[in-house]
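K.L.:
Here is a sequence together with a model predicted from it:
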Amino acid sequence: MSRYIYVSYPISATTPLYGGATALHIERDKAIQQGDSSNTLKLSMPNHSGTHVDFPYHFGETGKTLNDYPAEFWLFRRPFVLDCPAAEGDTVLPASLDAVPEDTDFLIVRTGFYRRRGEEVYWKNNPGLSPEFAGQLRHRCPKLRAVGMDLISVSGYQNRELGRVAHRAFLLEHDILLVEDMDLREVPSSIKTLLCLPLQLEGADGAPVTILAEIDE
């Protein structure tokens, strides 16, 4: 028996944004209680808000956009959870990837930093991923399509130049998508499948994504 859980956060007025940006706004547009015929919201937000996916175009003018990925791309049948505890400002680079199956198609890097999501430090001094990690993963897992993490960005805010190098290493050099700000609060050590549904934005360099994980009951 299986059940499904969300591993993406709902977007709200309190969703943290990289760098402490305040560009996300959700407001009431219409309200039945105010005499309107329906309830509606008005949304204004960056496309890298909440749980979102980065495409190669995010860091390269000739990189692929959302439109370059067919629908079947977004079903991952060999996800794997890799625990890599990290603290403020760390650069994540596992000592060994021997535990990661070679047929992994979606790697979840669980640092535990999701526990700090309600704090300023979550965006102000977050851990980031090492650029070397991308090459090691591509060598280990030739079928890998995406790496997800419980970090607001692969780029540590206090080490942004290294973060830009890391983005280019994953997205452009090794063709690995990045899924940032995942909700890993209920994720067990084993996942059966992942279904990722990016918001269909024409020509997008990144997009909010809803992710469902199939796990054992």
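P.N.:
Now that the structure is in, tell me what you want to look at. A quick note: this is a predicted structure, and the numbers were derived from the prediction, not measured.
K.L.:
residues contacting residue 149?
P.N.:
Counting by Cβ atoms under 8 Å, 6 or more residues apart in numbering, residue 149 touches 108-111, 129, 178-180, 182. All C-beta spots, glycine's among them, are computed from the backbone N, C-alpha and C.
K.L.:
Poorly predicted segments of the protein, please.
P.N.:
Across the chain, nothing is flagged by pLDDT under 70.
K.L.:
Could you pull out the helices in it for me?
P.N.:
121-124, 131-140, 160-168 (DSSP state H).
K.L.:
how far off helix 160-168 does the second one point, in degrees?
P.N.:
Relative orientation of helix 131-140 with respect to helix 160-168: 20 degrees, computed using axes from the mean of the first three to the mean of the last three Cα atoms, to 10 degrees.
K.L.:
what sits up against helix 131-140?
P.N.:
Contacts of helix 131-140 (Cβ under 8 Å, 6+ apart): 92-94, 97, 100, 102, 107, 144, 147, 162, 165-166, 168-170, 173-176.
K.L.:
and these, which are buried?
P.N.:
Neighbour counting with 16 or more other Cβ atoms under 10 Å marks 92, 94, 97, 100, 107, 144, 147, 162, 165-166, 168-170, 174, 176 as buried within the contacts of helix 131-140.
K.L.:
contacts for the longest strand along the chain?
P.N.:
Ranked by number of residues, the top strand in the chain under DSSP state E is strand 206-216. Applying Cβ under 8 Å, 6+ apart, the set of residues contacting strand 206-216 from outside is 1-8, 11, 47-55, 58, 66, 79, 148, 179, 182, 187-188, 190-201.
K.L.:
Pull out the buried members of these.
P.N.:
Here, 16+ other Cβ under 10 Å leaves 7-8, 11, 47-55, 58, 66, 79, 148, 179, 182, 187, 191, 193-194, 196, 198-199 buried among these.
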